[in-house]
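1. Quick one, structure for this:
(one chain, ligands or ions: 1)
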Amino acid sequence: MIDKNGIYLSVDGDNAVRVIIENNIKIQTNRIKVSEELIGELEYDLSNYEVVLEHIIEETEPLDGIGEYSEEQFNSVSNMALELADGVRENDLTTGVLLRAAIYKLLDIDDDGTAMCLMTAMSNIVDALREPLDTRYILYKYLKSRGEFETHDKWLKTNVLPEGYFFRRDYPCEIINYDLFTNEPKLSQVFFFDNYTDYFVFLFLKFAEQQRRVLECPCCGKLFVPKSNRAEMYCDRVLVDGKTCKQIAPKLARKLKQRNDPLLEEYEKAKNRNYKRVERYENADGNSGVMRLTFNEYKAWLDKASEMKRLYLQGKVTAKEFGEFIRA
Ligand SMILES: [Zn+2]
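-> Prediction:
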């Protein structure tokens with residue numbers, strides 16, 4: 001089981017056990033919640049990652065502008081890619097491990113040293129690095145849209161199944177001779193992942209099987225999975241001074257109601273406007289002429305914007321500052 005770099009996973013409902021393997025060493029075996037792993041992944045700020053990746057892409061350009069590539073260039077691109085993955089790994093172990101596994105697998109190919117081979121190898125590395133950016137947007141889009149539907153079935157039929165091709169992938173599995181949950185001897189099925197998209201899309205499918213709701217917290221703007229079927233409005237994230245959205249939000253909501261403040265309306269509009277821009281940009285597939293706003297830029301903006309809104313409601317930020325931020 002330990003000869004490949006990547007993640008082994010065994011799932012039972014929302015519970016999962018995963019084993020992370022790097023360089024023939026089991027570096028972590030732990031229990032996770034599928035829902036938390038999936039939603040948590042969308043919270044990482046990858047806006048710097050995006051900037052570094054753009055730099056790496058520039059470095060893959062042909063040296064003479066036409067078709068010349070060198071071995072040194074390839075080595076430098078691979079090293080930058082691995083460094084980027086290492087950087088990610090410090091905060092987001094899962095993504096770091098999957099990126100490294102994907103890159104190592106790409107480096108492990110026969111290289112005949114031709115320009116064509118170098119070009120293809122670099123472009124494969126870039127594709128692997130781009131996966132978190134593209135996939136996060138798609139998963140976010142589906143999860144966010146769950147809130148628009150009353151039932152799981154309606155959401156599935158309207159939003160997910162028509163784009164079912166995205167989910168049709170190979171999810172390689174192996175039979176091992178013990179149970180990952182209990183360590184007892186048993187023939188059990190585990191899934192193996194060495195790339196970002198397959199791992200997170202698989203988690204998405206396992207999450208969707210549970211037929212749970214996903215809501216957007218009106219306080220922090222992030223997605224969350226309500227713990228019960230009660231009408232939970234706000235999430236349990238710790239927002240400030242050890243207090244969660246659930247604890248802070250009702251008070252803020254009262255202020256909000258009392259105010260009838262046009263700035264808050266403007267905030268909601270800015271949020272929707274920017275998300276529409278993301279949809280247009282992400283769907284344009286590199287088509288120029290569409291205003292650039294990537295999903296990760298939007299997420300970083302949204303985090304700041306919700307923070308500004310809270311500070312404004314708490315009187316710690318002036319109307320002028322808040323207004324300027326929204327309109328920027
Ligand atoms: Zn929240």
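
2. Okay, buried residues for the lowest-mean-pLDDT helix or strand in the chain please.
-> The weakest-scoring helix or strand in the chain, judged by mean pLDDT, DSSP states H and E, is helix 245-259 (a mean of 80). Buried residues in helix 245-259, defined by neighbour count with 16 or more other CB atoms under 10 Å: 245-249, 252. Any C-beta I mention is one placed from the backbone N, CA and C, and that applies to glycine too.

3. Kindly report the same for stretch 16-33.
-> 16-22, 32.

4. about what we covered before: relative to the ion, which of the buried residues of helix 245-259 is nearest.
-> Comparing the buried residues of helix 245-259 against the ion with CB to the ion places residue 245 closest, at 3.1 Å.

5. mind listing what that closest one touches?
-> 217, 219-220, 234-237, 239 (CB atoms under 8 Å, 6 or more residues apart in numbering).

6. do the same with residue 187
-> Neighbours of residue 187 in contact, by CB under 8 Å, 6+ apart: 175-177.

7. what ranges do the strands span in the stretch 101-250 of the chain?
-> Secondary structure of the stretch 101-250 of the chain (DSSP state E, counting those that start in this stretch): strands located at 173-178, 185-193, 215-216, 223-224, 238-240, 243-244.

8. Hey, what's the angle from the first one to strand 185-193? Just curious.
-> For strand 173-178 against strand 185-193, the angle by axes from the mean of the first three to the mean of the last three CA atoms, to 10 degrees is 150 degrees.

9. And strand 173-178, what's buried?
-> Buried-residue list, strand 173-178, by 16+ other CB under 10 Å: residue 176.

10. hang on, the earlier thing: what would the buried residues of stretch 16-33 look like in TSV with distance to the ion?
-> As requested, those are exported to TSV (distance: CB to the ion, whole Å):
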residue	distance to the ion
16	24
17	28
18	26
19	32
20	29
21	35
22	34
32	21
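
11. Was I right to think residue 173 contacts residue 189?
-> Yes - between residue 173 and residue 189 there is a contact under CB atoms under 8 Å: 5.3 Å.

12. which residues do those two both contact?
-> What both residue 173 and residue 189 touch, as defined by CB under 8 Å, 6+ apart, is an empty set.

13. So which bits of the stretch 151-300 of the chain are right by the ion?
-> Counting by CB under 5 Å from the ion, the stretch 151-300 of the chain comes close to the ion at 217, 219-220, 235, 237, 245.

14. Farthest pair within the residues you listed?
-> Spatial extent of those (CB to CB) is set by the pair 219 and 237 at 8.7 Å.

15. More neighbours: the two, which one.
-> Higher neighbour count among residue 219 and residue 237: residue 219, with 24 against 14, using other CB atoms under 10 Å.

16. quick one on the thing from earlier: hmm, which two among the buried residues of helix 245-259 are most spread apart?
-> Top of the distance list for the buried residues of helix 245-259 (CB to CB): 246 and 252, 11.4 Å.

17. Report the set of residues contacting both of those two.
-> Common contact partners of residue 246 and residue 252 (CB under 8 Å, 6+ apart): none.

18. Now do the helices in this protein.
-> 34-41, 47-59, 71-91, 93-107, 115-145, 152-155, 196-209, 245-259, 262-284, 295-313, 319-327 (DSSP state H).

19. Would you mind listing the buried residues in the last one?
-> In this case it means helix 319-327. If you call a residue buried by 16+ other CB under 10 Å, then helix 319-327 has these buried ones: 322-323, 325-326.

20. State the mean pLDDT of it.
-> The pLDDT scores in helix 319-327 average 92.

21. follow-up on the earlier one: closest one to residue 92 out of the contacts of residue 187, please.
-> Scanning the contacts of residue 187 for proximity to residue 92, where the rule is CB to CB, the winner is residue 176, at 26.6 Å.

22. could you check the distance from that closest one over to the ion?
-> Distance, residue 176 to the ion, by CB to the ion, to the nearest Å: 39 Å.

23. Could you measure from residue 267 over to residue 278?
-> According to CB to CB, to the nearest Å, residue 267 stands 17 Å off from residue 278.

24. and the gap between residue 31 and residue 11?
-> 11 Å.

25. In the protein, where is pLDDT below threshold?
-> For the chain, applying pLDDT under 70 flags the ranges 111, 229-230, 286.

26. swap the cut-off to 80 and go again
-> Low-confidence segments of the chain (pLDDT under 80): 1-2, 108-113, 228-232, 252-260, 285-288.

27. And it, what are its domain boundaries?
-> The record's domain split for the chain, according to automatic domain parsing, is 6-209, 216-327.
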